[in-house]
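# Just a sequence and a predicted model for now, questions to come.
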Amino acid sequence: MSSHGTPIPMTSHPCGPLNGVAEVPGDKSISHRSLILGALSVGETKISGLLEGEDVLDTAKAMRAFGAEVTDHGGGHWSVHGVGVGGFAEPEQVIDCGNSGTGVRLIIGAMATSQITATFTGDASLRGRPMGRITDPISEFGAASFGREGGRLPMTIVGAAEPVPVRYVVPMPSAQVKSAVLLAGLNAPGQTVVIEKEATRDHTERMLAGFGAEIAVEETEQGRVITLTGQPELQAQTIVVPRDPSSAAFPVCAALITKGSDVLVPGIGLNPTRAGLYTTLREMGADLVYENERVEGGEPVADLRAKYSPDMKGIAVPPERAASMIDEYPILSVVAAFATGQTVMDGVKELRVKESDRIDAMAVGLRANGITVDETEDSMIVHGLGSDGVPGGGIAASHLDHRIAMSFMCLGMGAQAGVHVDDGGPIATSFPIFEPLMAQLGAKLERA
Ligand code: S3P
């Protein structure tokens, strides 16, 4: 179900080899940030390769509501005429961020130090997710928040009239929280310092520097210390959004588990804060090669070639790698079913507060398809059945979670019997071309 639609039941039937080139859409994290930073800049930011998924389109709408001029020129080309740091107007309507935790948390950060009031909501998934992790730090800047029980949306934020800079230690590994604090720090005088114990995706830091902010990152014994000087004049940029490594994970992993496959996924950003899945797959024995490695827009990029890999072995994924592959555990748990031995995924309790409780959603859906899974609050263990041994044939619930829906669609491709998902609608939030792209490679997907 899209944020406004009816459920779309889907089936993925076992298929022959997946072959060809999979051009996945633009990076979701960078797309949100391009629109928000463009809106906070002076002049016209030009964006190409923007992900036109529902999550990002909701952020585009929100930036218009805060006064920026956001224009879709077609074919992934967009422009944003910004209002400058501190220039946000008060929205006249409730801001609906749909399914997007990244959208709502970053936007709340960006408006929290302006003297305006805004009310935020989202779909049933987003309304169930914790916002205390954002309202705590913005209160230190002087903003107030009024939400539902447990700090849930809908929520009204009253921006700080006289913001003060903060020093904030992020209590959980979260790029959204880190980014919200940095965006709030933009309109506070003086230096805002954010400390993260574990490195998370660093797009906000890189992009803030690109837009002309004074930002320094220091690795210390306490972790990464990020110091931002407030009230800069951000300069409009030209941004080419790289293709999303989190979306690339689906055709790559589908190829690894589907007999005879050979798929090329070109132009994938391999920023080390995002590439943990690919390291893990190679450690499991996947036939996954980086071709044409290069640097584009300051980011490492490669073409990924993935071939059917019948000899993969389960491993213990190092918990310190979790942040660099946090969105990829659902699809890794599918690959793990086709490996031999156990794959142990530890230190992953953040998965419980994503678009769904991803540990639970995967464990229940995998069991329904004949796979044994153990879980604790903070871990998941998949007992692999080997390349030929995954029964499939079950139904999985997607819980309004795009990555759960796509993971089970991939499971069906390599299993002995098709896999059904109760609702594939959420796929449109991040990967609107998933169905035609996978079909063109040879997948047999069907809407019931
Ligand atoms: C994101 C951060 C991660 C990730 C999400 C995108 C971002 O969330 O799961 O899909 O763009 O900053 P957390 O900050 O909750 O870990």
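Sure, I can see it. Residues are numbered from 1 along each chain as shown.

# give the contact list for D357.
351, 399 (C-beta atoms under 8 Å, 6 or more residues apart in numbering). Bear in mind the C-beta positions are built from the backbone N, C-alpha and C, glycine included.

# So it versus the ligand, what's the distance?
13 Å (C-beta to the nearest ligand atom, to the nearest Å).

# Let me see the confidence value for that residue.
With respect to pLDDT, D357 has a value of 98.

# So which residues on the stretch 201-350 of the chain come close to the ligand?
The stretch 201-350 of the chain has residues 201, 326-327, 350 near the ligand, with proximity defined as C-beta under 6 Å from any ligand atom.

# nearest residue to the residue of the stretch 1-150 of the chain found nearest the ligand other than its sequence neighbours?
Proximity to the ligand, evaluated over the stretch 1-150 of the chain using C-beta to the nearest ligand atom, is greatest for S29 at 3.2 Å. Computed as C-beta to C-beta, 6 or more residues apart in numbering, the closest residue to S29 that is not its neighbour in sequence is H203, at 5.2 Å.

# Tally up the residues packed near the one you found, please.
H203 has 22 neighbours, counted by other C-beta atoms under 10 Å.

# So for the nearest residue to E54 once chain neighbours are set aside, what's the pLDDT?
Excluding the flanking residues, the one nearest E54 by C-beta to C-beta, 6+ apart is T429, at 4.6 Å. For T429, the pLDDT comes out at 98.

# pLDDT weak spots in the chain?
Applying pLDDT under 70 to the chain flags residues 1-4.

# Are we agreed that R321 is in a helix?
Yes: the assignment for R321 (DSSP: H, G, I helix; E, B strand; the rest coil) places it in a helix.

# Test my guess that the residue of the stretch 1-150 of the chain closest to the ligand contacts A175.
Yes: with contact defined as C-beta atoms under 8 Å, S29 reaches A175; the gap is 7.3 Å.

# shared neighbours, these two?
201, 203.

# one step back: give me the distance between the residue nearest to E54 and V382.
25 Å (C-beta to C-beta, to the nearest Å).

# Domain map for the protein?
10-26+242-447, 28-163+178-184 (automatic domain parsing).

# Export those as JSON lines, with columns for distance to V170.
Shown next, in JSON lines, are these (distance: least, C-beta to C-beta, whole Å):
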{"stretch": "domain 10-26+242-447", "distance to V170": "11"}
{"stretch": "domain 28-163+178-184", "distance to V170": "5"}
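
# Please identify which of the ones you listed is closest to I226.
Closest to I226 of the domains of the chain, according to C-beta to C-beta: domain 28-163+178-184, at 6.8 Å.

# Endpoints of that closest one, how far apart?
21 Å (C-alpha to C-alpha, to the nearest Å).

# same check, this time on stretch 329-346
Stretch 329-346 end-to-end distance (C-alpha to C-alpha) = 10 Å.

# Let's verify the residue of the stretch 1-150 of the chain closest to the ligand: helix, strand, or coil?
Looking at S29 with three-state DSSP, the answer is helix.

# start the count at 48, not 1, going forward
Fine by me, first position is 48 from now on; the one you just mentioned is S76.

# residue ranges for the helices of this protein, please.
75-86, 101-112, 148-158, 171-174, 179-188, 222-232, 250-257, 292-304, 323-330, 376-384, 405-415, 449-461, 481-488 (DSSP state H).

# ok, now how distant is the residue nearest to E101 from the ligand?
Using C-beta to the nearest ligand atom, T476 is found at 10 Å from the ligand.

# Next, work out how far apart that residue and V411 are.
Relative to V411, and taking C-beta to C-beta, T476 is found at 21 Å.

# who's more crowded, the two?
The residue with more neighbours, out of T476 and V411, is T476; 29 against 16, by other C-beta under 10 Å.

# thought that one was touching G100?
Yes: T476 lies in contact with G100 (C-beta under 8 Å); the separation is 5.4 Å.

# Count the neighbours of Q463 for me.
14.

# residues touching it, list them.
61, 437-440.

# try 6 Å
Counting by C-beta atoms under 6 Å, 6 or more residues apart in numbering, Q463 touches 438-439.

# Quick check: phi and psi at it.
For Q463, the backbone dihedrals are phi -80, psi -30 (criterion: degrees, to the nearest 10).

# Excluding chain neighbours, what is closest to P357?
S434 (3.8 Å).

# And the strands in the stretch 198-347 of the chain, which stretches?
199-205, 214-217, 238-243, 262-267, 270-276, 285-287, 309-316, 334-343, 346-354 (DSSP state E, counting those that start in this stretch).
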